[in-house]
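> Just to be clear, the model below is a prediction. Sequence and coordinates:
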Amino acid sequence: MTLGFTVDTLLPKARGGGQLRMGLVKLEERNWLQPAPDLAARAEGFADWAEGVQLTQEAHTPGRELAAMLGVKGALPEAALAVHEDLCLLTQRKGEDVYRLIGAAVAWPSDWRPADKIGLPLRALHAPIQGYAEHLATGVDRFMATLRPGPIYARCNWFIAATDERRWLPDRPPQEAFAHVTTENAGETLFVRSERQTLRRLPQTGAILFTIGIYVEPLGSLSSANIAMLGKAVQSLVSGEGDRRGTPAYADSLIAYARRNAA
């Protein structure tokens with residue numbers, strides 16, 4: 001299967017509310033990464049946010065393996081400068097059966113800081129996500145344990161943000177950040193952010209590579225079908241998930257905008 005490289009092509013494959021699910025699709029190698037990355041934007045992203053690179057000692061060897069796979073000299077930081085995607089490495093420590101984040105080169109995070117997550121196991125990494133432990137953790141653990149070198153799997157998600165900045169680190173309460181949003185201007189003031197995520201196991205070290213490609217578009221630029229989906233999805237997020245996403249601060253405006261757009 002394929003998974004696009006725009007918000008409009010990703011949203012139909014994303015979860016539209018309801019119970020959390022992995023929603024994985026299998027990709028061919030040629031569809032793995034963004035084919036035309038803006039490398040100047042990547043360089044700028046890392047230059048003005050040095051904390052986006054976090055490495056443990058365990059990341060050096062798989063980081064070099066990844067760089068070589070991409071035809072880049074160096075290790076994980078250099079690899080992340082050569083592609084559109086942010087890159088994370090996970091592996092198991094001796095005597096453990098859990099995967100931990102051992103390296104991250106992230107220029108454009110979605111409301112998280114690598115320094116806060118480095119070294120943590122998967123369940124702790126996802127602790128802020130409402131419903132992860134109940135609905136996803138066991139399936140994710142099983143998937144990670146059985147993933148073989150070669151196959152590439154992908155999924156996507158979406159968020160609503162008050163900015164089109166690719167580095168999204170909210171620093172204001174949602175009620176303040178979305179205070180300017182109305183039904184009339186929601187198409188220009190609400191931004192739909194989608195993460196195109198892939199997973200594959202590196203053949204030599206056995207580390208798992210997690211890539212995150214960020215795509216952001218104003219709500220009003222999307223297809224009518226995608227706007228309608230979002231209008232419905234914000235009404236059916238799992239309990240507590242909407243609060244974490246700041247949904248109460250913009251939901252009424254988005255829903256009304258979607259209904260007006262469909263009329």
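Noted; the coordinates are in hand. Numbering: from 1, shown residues only.

> residue contacts, the residue lying closest to Ala256 once chain neighbours are set aside?
Among residues not flanking Ala256 along the chain, Thr183 sits closest, at 4.1 Å (Cβ to Cβ, 6 or more residues apart in numbering). For every residue, glycine as well, the C-beta is placed using N, CA and C. Shown in contact with Thr183 (Cβ atoms under 8 Å, 6 or more residues apart in numbering): 252-253, 256-257, 260.

> make it 10 Å
Residues near Thr183 by Cβ atoms under 10 Å, 6 or more residues apart in numbering: 252-260.

> Check Ala107 too.
41-49, 52-53, 80-81, 84-87, 166-167, 214 are the contacts of Ala107 under Cβ under 10 Å, 6+ apart.

> again, but for Ala262
224-225, 227-228, 231.

> from those residues, which is closest to Glu188?
Comparing the contacts of Ala262 against Glu188 with Cβ to Cβ places Ile227 closest, at 13.0 Å.

> part of a helix, is that closest one?
Yes. Assessed by DSSP: H, G, I helix; E, B strand; the rest coil, Ile227 belongs to a helix.

> any idea how far it lies from Pro218?
11 Å (Cβ to Cβ, to the nearest Å).

> swap in Phe191?
Applying Cβ to Cβ to Phe191 and Pro218 gives a distance of 6 Å.

> who has more neighbours, those two?
It is Phe191, of Phe191 and Pro218, that has more neighbours when counted by other Cβ atoms under 10 Å, with 19 against 15.

> So in the chain, where's the weakest helix or strand by average pLDDT?
Every helix and strand of the chain was ranked by mean pLDDT, DSSP states H and E. The lowest is helix 241-245, at a mean of 72.

> show me where the stretch 101-250 of the chain has strands.
152-156, 159-161, 191-201, 208-218 (DSSP state E, counting those that start in this stretch).
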